[in-house]
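Q: Generate a structure from the sequence data that follows.
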Amino acid sequence: MEKRTIHIPGFRIGTAEDREGLSGVTVILAPASGAFAGVDVRGCAPGTRETDLLSPEKTVQQIHAVVLSGGSAFGLEADCGVMKYLSEHQIGFVLGDAVVPLVCGAVLFDLAIGSSCSYPDLAAGYQAAVSASNVFPVGCYGAGTGATVGKLSGFEHCMKSGAGYVELEGQEGLHVGAYIAVNACGEVYDGQQVLAGALAADDRTFLSSPDLMVHGYHNLSGGNTSIACVITNADLTKAECKAVSGMAHDGFARAIRPVHTTMDGDTVFTMAAGPVKASIDTVGFLAEEAIRLAIYDAVKSAEAMGGRPAYRDVYTKLEKP
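A: Okay, the predicted model is just below:
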């Protein structure tokens, strides 16, 4: 199990997963006082919760958590478990005798691998919140448990992917981190070679996703969507968080091809809580770069599961004569 560490004060990440059914959930908890937040949805097939309230003109200014989940639309149930946990710990908006946490979320489709009956429910969301820490697993854990990439030639030719996290540091104590579960129909490309994508029948030779887009497919199938959350200690407004989310999507475009298709629901949240004064352009650039590197982290830390090979399996085969 590979693990990553958050160095941004107040933020914690927790996961819960069914590694037999191959689905899971990740919760990114803000500091108890909340975080300013924004979202940018680029894919045409999203599954989300409470994204409207993140529009800059809406009344609410801060949220308390972002939940990224497998299970397609069923996985939105996990958000209620996170709400239950936060409410029990008196984290949220106090309205009379009630404490109402604001939890935003997005889901990816992983029902084609493992068990189609396995999805993160309320109990899984609660468990993920309980486990939240500044140290957490990447790869096939949390929302990355059932993630796959390279599905343009059919699911039977895809590769196993996962979740990744990268945190970058700027001047005067600025930190920008990105957590992503990579579940794209396209391939992951680092500018020189394909790291994970559609495979030929030998499960070692890559098919070109750009070529497949032009010549090799009729209609995109479902079963995709990459979902991410950027966190930072920069002092940002809601509108600035939304702008950072938009810039962060450039990291998707630099690492995944094709991206933002009609059968992806690619979504990026940004949560900001901290005193660091920084240019929004600097934060956005670091977010873009962190997303790009987190995508590579997600595929390189993945394991073979559900009968599909991962990066380390394919490249081990390629290195053999």
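
Q: Could I get the full set of strands for the stretch 101-250 of the chain?
A: Assigned by DSSP state E, counting those that start in this stretch, the strands in the stretch 101-250 of the chain fall at 103-107, 135-137, 148-149, 159-160, 163-169, 175-181, 187-189, 194-196, 227-234.

Q: Distance to residue 55 for those strands - can I get that in JSON lines?
A: In short, each C-beta sits where N, CA and C put it, glycine included. JSON lines is the format used below for the strands of the stretch 101-250 of the chain (distance: least, CB to CB, whole Å):
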{"stretch": "strand 103-107", "distance to residue 55": "12"}
{"stretch": "strand 135-137", "distance to residue 55": "30"}
{"stretch": "strand 148-149", "distance to residue 55": "31"}
{"stretch": "strand 159-160", "distance to residue 55": "36"}
{"stretch": "strand 163-169", "distance to residue 55": "27"}
{"stretch": "strand 175-181", "distance to residue 55": "22"}
{"stretch": "strand 187-189", "distance to residue 55": "31"}
{"stretch": "strand 194-196", "distance to residue 55": "34"}
{"stretch": "strand 227-234", "distance to residue 55": "18"}
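
Q: Residue 28 is nearest to which of those strands?
A: Residue 28 lies closest, by CB to CB, to one member of those: strand 227-234, at 4.9 Å.

Q: Which elements pack onto the closest one?
A: In this structure, strand 227-234 packs against strand 65-69, strand 175-181, helix 238-255, strand 267-276, helix 280-300, with contacts taken as 3 or more CB pairs under 8 Å, 6 or more residues apart in numbering; DSSP states H and E.

Q: Which of the ones you listed sits closest to residue 100?
A: When these are ranked by proximity to residue 100, the top entry is strand 65-69, at 12.5 Å, counting by CB to CB.

Q: so who does the residue nearest to residue 160 when sequence neighbours are not counted touch?
A: Counting by CB to CB, 6 or more residues apart in numbering, residue 160 lies nearest to residue 310, which is 4.2 Å off, once chain neighbours are set aside. Residues in contact with residue 310, defined by CB atoms under 8 Å, 6 or more residues apart in numbering, are 159-162, 196, 299, 302-304.

Q: And for residue 67?
A: Under the criterion of CB under 8 Å, 6+ apart, the neighbours of residue 67 are 25-28, 49, 78-79, 82, 103-106, 125, 128.

Q: go on, residue 132?
A: When contacts are counted by CB under 8 Å, 6+ apart, residue 132 is found next to 12-14, 27, 29.

Q: pretty sure residue 82 is in a strand, no?
A: No. The assignment for residue 82 (DSSP: H, G, I helix; E, B strand; the rest coil) gives helix, which keeps it out of a strand.
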